[in-house]
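Visitor: have a look at this prediction, sequence included:
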Amino acid sequence: MSCLDHMLVGIENLTVGNRPVLGGKRYLTDKEVSAQLKLSRRTIQDYRNEGRISYYQLGGKILYRESDIEKMLQENYREAYISSK
């Protein structure tokens with residue numbers, strides 16, 4: 001019986017961070033984006049207002065497509081360089 005309890009805990013841990021896919025795409029809330037990028041929710045709102053990040057608004061709820069977050073990060077990637085001395 002304890003083995004089944006252990007398996008149940010493991011399954012619950014797996015499902016905590018898992019979001020269902022809608023149309024093959026995953027959507028995140030501002031709280032989730034904020035946590036992943038280590039930015040305040042206010043900064044995420046500023047990015048939204050400045051047009052830096054795409055979003056969906058359904059009533060008062062804001063959702064971000066995970067692929068749009070990845071695209072924004074990729075577009076703002078800066079290659080490291082070593083200056084010659």
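Guide: The structure has been received and is ready for your questions.

Visitor: so the residue lying closest to residue 27 once chain neighbours are set aside: helix, strand or coil?
Guide: Closest residue in space to residue 27, ignoring its immediate chain neighbours: residue 63 at 4.5 Å, by Cβ to Cβ, 6 or more residues apart in numbering. In short, each C-beta sits where N, CA and C put it, glycine included. What DSSP: H, G, I helix; E, B strand; the rest coil gives for residue 63 is strand.

Visitor: tell me the contacts of residue 63?
Guide: Applying Cβ atoms under 8 Å, 6 or more residues apart in numbering to residue 63 gives the contacts 27-29, 55-57.

Visitor: from residue 32, how far out is it?
Guide: The gap separating residue 63 from residue 32 is 10 Å, by Cβ to Cβ, to the nearest Å.

Visitor: so, low pLDDT: which residues of the chain?
Guide: Scanning the chain for pLDDT under 70 picks out 13-21, 84-85.

Visitor: change it to 80
Guide: Flagging of the chain using pLDDT under 80 yields the residue ranges 1-4, 6-24, 83-85.

Visitor: following element in sequence after the helix or strand harbouring residue 32, please.
Guide: Assigned by DSSP states H and E, residue 32 belongs to helix 30-37. Remark: after helix 30-37, the chain's next helix or strand is helix 41-50, criterion DSSP H and E.

Visitor: so how far is the following helix or strand past that following helix from its chain's centroid?
Guide: The helix or strand immediately downstream of helix 41-50 is strand 56-58, counting by DSSP H and E. Relative to its chain's centre, strand 56-58 lies at 16 Å (Cα atoms, centre = their mean, to the nearest Å).

Visitor: so which elements touch strand 56-58?
Guide: Packing partners of strand 56-58 (3 or more Cβ pairs under 8 Å, 6 or more residues apart in numbering; DSSP states H and E): strand 61-65.

Visitor: send the alpha carbons of the strand it packs on over as PDB?
Guide: Provided in PDB are the C-alpha atoms of strand 61-65 (Å, rounded to 0.1, in the frame of the first residue of the first chain):
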ATOM      1  CA  LYS A  61      -7.300  37.500 -18.000                       C
ATOM      2  CA  ILE A  62      -4.000  37.800 -19.900                       C
ATOM      3  CA  LEU A  63      -2.400  34.800 -21.500                       C
ATOM      4  CA  TYR A  64       0.900  34.500 -23.300                       C
ATOM      5  CA  ARG A  65       1.700  31.800 -25.900                       C
END
